[in-house]
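*Asks:* Provided below for reference: sequence and predicted model.
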Amino acid sequence: MRIVADENIPLIEEFFGDHGEIVRLPGRQMCREQLMQADVLLVRSVTRVNADLLAGTRVKFVGTATIGVDHVDVDWLREQGIGFASAPGSNAESVVDYVLSGLLLMSEQDGETLNSRTVGIVGAGNVGSRLQARLEALDMPCLICDPPRAEAEGREDFVDLDTLIERADVICLHTPLIQSGDHATHHLLNAERIDALRPDQILISAGRGECVDTSALRRRLETRRDLRVILDVWEQEPDIDEALCRLVDIATPHVAGYSLDGKMLGTDMIHEAMSRHFGLPARKRLGQLKPDSWLRRITLTGWAPPLEALTLCARACYDIRRDALLLERYRRHYGMAEGFDRMRKEYPPRREFSTLRVSLKHNAGDLRDTIVSAGFSLRLAGKQG
Ligand SMILES: NC(=O)C1=CN([C@@H]2O[C@H](COP(=O)(O)OP(=O)(O)OC[C@H]3O[C@@H](n4cnc5c(N)ncnc54)[C@H](O)[C@@H]3O)[C@@H](O)[C@H]2O)C=CC1
Ligand SMILES: O=C(O)C(=O)[C@H](O)COP(=O)(O)O
């Protein structure tokens, strides 16, 4: 079997090596000629998978090691009888860590407690609902907008987008890119809604770039720089709007989901799906292949103030500012588009909050609850109570 895989998917050799010959290619440049003899195609979000790429090839299975599937013509694959799998939820915790790191930074800049802000979550799927769970556990009030779920589940506690924009202090976008239909998300945050954003509101966009009219956002920030904006996803990646990149508070190159844990789980999930598709044994176990974290444990005394302790643990594990600074360095060195992609390719290993074990000397109630609610693993050591 010939397996063609994006060069940026980790553990391909380890998971797929027993199944045949592996060819690694840069995802953005993949073309039909390179796939004529391929049986399996494994991609990330940068490869458009459709009839133009695959018609006339012998590909029988496509896996994308991503949550989003907007780059794949799923209907065409189905019509052709080509097996398909994505990796739902694989890097959702990583995106939640990213958002929490951003929120902690904003709170620290303002000298405010975390729970002084209401967070509006748009799109309450794997990412949004996990974000909601962690924020509510940290006593942060949340408003949820997810019309497909509201309709399907009869959720009267959900709100519509305009109400959310009016009431929330932070707006977090976690919708897939949907081009048409009742719940289309292309330019969901359009010029009118961007104009309606209140001064001091915080916008965090980590779903897909095209869900925001980024030209309108640039215009708003050029005329009134009164919002705070964290952008991970952009229109026209990697050739993104450089002026907008300079105007936002935090700019990162579509790496919110780039924890090693999330990426490796993505590979595991598509490997399992491919093995099932071809009736092959899936013998590899992710646990055996994951490297050790650089930082395994932090020990806190019971007297640490909860918010400071949380900020410390979050920074030790993942600090969103590292990625913003890194993008700036790559941009200066290589230019915007090349820098954007190079940083993604050379992304330094990052582990999820859950991999960091926080050891508490005493079972101090508030501190313990904060650490667990934020998603870290807890270890109580010494005297209890
Ligand atoms: N920045 C990054 O690195 C990453 C970005 N993503 C993006 O985030 C998206 C969401 O991820 P998941 O939560 O795992 O997907 P999911 O499929 O589990 O959930 C998406 C949710 O959005 C809701 N939704 C659909 N249309 C909507 C609309 N018009 N308004 C409000 N809500 C709507 C759906 O009902 C669903 O509950 C992915 O599709 C992907 O595009 C995912 C992982 C990493
Ligand atoms: O899983 C998704 O959906 C994502 O957006 C990915 O984390 C992005 O990674 P790439 O596919 O762009 O490398």
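*Replies:* Nice, thanks for sending it over. Ligands and ions are numbered 1, 2, ... in the order given.
*Asks:* surely Ile165 meets Val159?
*Replies:* No: using CB atoms under 8 Å, Ile165 is not in contact with Val159; the gap is 9.6 Å. Just so you know, the C-beta spots here come from the backbone N, C-alpha and C atoms, and that holds for glycine as well.
*Asks:* let me see the ranges of the helices in the stretch 1-150 of the chain.
*Replies:* Using DSSP state H, counting those that start in this stretch, the helices of the stretch 1-150 of the chain run over 12-16, 32-35, 51-54, 74-80, 92-110, 126-137, 147-153.
*Asks:* and among those helices, the most buried is which?
*Replies:* Scoring those by mean neighbour count under mean count of other CB atoms under 10 Å gives helix 92-110 as the most buried, with a mean of 22.
*Asks:* what about the closest residue to ligand 2 within the stretch 151-300 of the chain, how many residues nearby?
*Replies:* Closest contact between the stretch 151-300 of the chain and ligand 2, by CB to the nearest ligand atom, is at Gly257 (3.1 Å). Here the number of neighbours of Gly257 (other CB atoms under 10 Å) works out to 25.
*Asks:* state the phi and psi torsions of it.
*Replies:* phi -90, psi 20 (degrees, to the nearest 10).
*Asks:* touching, it and Ala87? I think so.
*Replies:* No: Gly257 is beyond contact range of Ala87, at 10.0 Å (criterion: CB under 8 Å).
*Asks:* identify the contacts common to these two.
*Replies:* Listed as contacting both Gly257 and Ala87 by CB atoms under 8 Å, 6 or more residues apart in numbering are Thr66, Ile67.
*Asks:* interface residues of the stretch 201-350 of the chain facing ligand 2?
*Replies:* His254, Gly257 (CB under 6 Å from any ligand atom).
*Asks:* would you map the helices across the stretch 201-350 of the chain?
*Replies:* Going by DSSP H, counting those that start in this stretch, the stretch 201-350 of the chain shows helices at 214-223, 242-247, 260-278, 286-289, 306-317, 320-334, 336-345.
*Asks:* up against ligand 1, what does the stretch 251-385 of the chain have?
*Replies:* His254, Ala256, Gly257.
*Asks:* out of those, which comes closest to Ser101?
*Replies:* Lowest distance from Ser101 to those (CB to CB) belongs to Ala256, with 9.6 Å.
*Asks:* tell me the spacing between the closest one and Gly102.
*Replies:* 9 Å (CB to CB, to the nearest Å).
*Asks:* could you do Leu378 as well?
*Replies:* 23 Å.
*Asks:* then Glu108?
*Replies:* Applying CB to CB to Glu108 and Gly102 gives a distance of 11 Å.
*Asks:* where does the residue nearest to Ala85 when sequence neighbours are not counted land on pLDDT?
*Replies:* Closest residue to Ala85 apart from its sequence neighbours, by CB to CB, 6 or more residues apart in numbering: Ala273 at 3.2 Å. Per-residue confidence (pLDDT) for Ala273: 97.
*Asks:* try Tyr347
*Replies:* 98.
*Asks:* give the contact list for it.
*Replies:* Neighbouring residues of Tyr347 by CB under 8 Å, 6+ apart: Val255, Tyr258.
*Asks:* what residues are up against Pro88?
*Replies:* Applying CB under 8 Å, 6+ apart, the residues near Pro88 are Ile67, Asn126, Met269.
*Asks:* next, count neighbours for the first one.
*Replies:* So that's Ile67. 23.
*Asks:* pretty sure Leu143 contacts Val159?
*Replies:* Yes: Leu143 lies in contact with Val159 (CB under 8 Å); the separation is 5.4 Å.
*Asks:* got any residues that touch both of these two?
*Replies:* Joint contacts of Leu143 and Val159 (CB under 8 Å, 6+ apart) are Gly120, Arg167.
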